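Engineer: curious how this folds, go ahead:
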Amino acid sequence: MQFSTDAQNFLIGPAGERLVGYRLNGAGLRARHVAEALAGPPLSLPPARTRTIAYAVNLPPDAPQHDWPDAADAHAPLDVMGCDAGAFFDASLPGGSIGVWTALGAPARLTFRWLKAGVGRADSLWRLFYLVNRRAGFAETAWAAVPAVYARADCPKAVTMTDVAIHDARLGEVTIEHGVMGVTHFRDAFSTVKIKRLAQDGAPKADLIDLWLSDGRLHAVYSDGRSTAFAELEDAMAAA
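Structural biologist: As a prediction, the model looks like this:
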């Protein structure tokens with residue numbers, strides 16, 4: 001079924017008639033129990049800031065350990081300056097990267113690295129860092145530490161980072177959720193960090209590109225891949 005809108009933004013069916021049905025709320029439920037002429041969906045969606053990172057990994061227990069001062073203190077200032085970025089890069093393991101979005105819809109890329117610390121400790125631990133500035137100067141922050149300690153016997157389920165900034169993109173508060181798969185410590189043949197899940201909830205501004213009907217419900221499809229059911233047609237129209 002093909003749809004269009006009239007001058008008042010009401011949905012028009014193939015025969016030129018206004019479509020009648022029920023508007024749906026954000027939870028997919030009927031906003032009202034009275035059928036009415038249906039207006040078209042928003043022509044665009046605003047950007048959504050990245051607030052949550054879903055991140056599940058396996059950290060190889062046989063990875064080399066490094067003597068990194070204050071690594072056992074989750075609140076110690078462990079940020080890596082530009083002068084130490086090379087040594088840090090050599091000592092750490094890549095933890096994946098993902099595109100993220102600011103509140104204004106500006107794109108950025110969140111890049112992680114893991115450092116296994118605690119030389120001489122029986123209970124070695126891991127620290128997670130994210131890239132702040134790839135071109136950091138001698139005394140500028142290149143990598144920032146996530147405020148959490150990942151020990152084999154005690155890994156956090158979620159960690160909240162404040163004032164996250166990547167180059168010129170400011171994200172603000174971002175929470176890393178490790179979820180059901182969490183952070184595991186199984187041996188790996190190559191002693192590399194295995195990413196089991198990496199996703200985020202942000203999105204850029206998106207434009208409406210399509211409407212489609214499924215099981216009597218109208219769905220709006222946007223240019224960033226988002227899709228939402230916004231209306232339910234009356235039975236007679238749904239069966240047409």
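
Engineer: ok, longest strand in this protein?
Structural biologist: In the chain, taking DSSP state E as the definition, the longest strand is strand 107-117.

Engineer: in that strand, what counts as buried?
Structural biologist: Buried positions in strand 107-117, judged by neighbour count with 16 or more other CB atoms under 10 Å: 108, 110-117. C-beta coordinates here come from the backbone N, C-alpha and C atoms, glycine included.

Engineer: now swap in stretch 15-31 and tell me
Structural biologist: Buried, per 16+ other CB under 10 Å, within stretch 15-31: 19-24.

Engineer: and which of the buried residues of strand 107-117 is nearest to A203?
Structural biologist: When these are compared for distance to A203 (CB to CB), A108 wins out at 13.1 Å.

Engineer: beta partners of the closest one?
Structural biologist: Note on A108: beta-bridge partners V100, judged by DSSP bridges.

Engineer: which residues does R170 form beta bridges with?
Structural biologist: Beta-bridge pairing of R170 under DSSP bridges involves A165.

Engineer: could you measure it against L125, distance?
Structural biologist: 30 Å (CB to CB, to the nearest Å).

Engineer: for H219, same thing?
Structural biologist: Counting by CB to CB - H219 and L125 are separated by 47 Å.

Engineer: neighbour count: the two, which is higher?
Structural biologist: Set H219 next to L125 and count neighbours by other CB atoms under 10 Å: L125 wins out with 21 against 16.

Engineer: per-residue pLDDT of the nearest residue to the more buried one once chain neighbours are set aside, please?
Structural biologist: Nearest non-adjacent residue to L125, counting by CB to CB, 6 or more residues apart in numbering: A151, 4.7 Å away. What the model reports for A151 is a pLDDT of 88.

Engineer: swap in the one 3 residues further on?
Structural biologist: pLDDT, the model's per-residue confidence, is 84 for D154.
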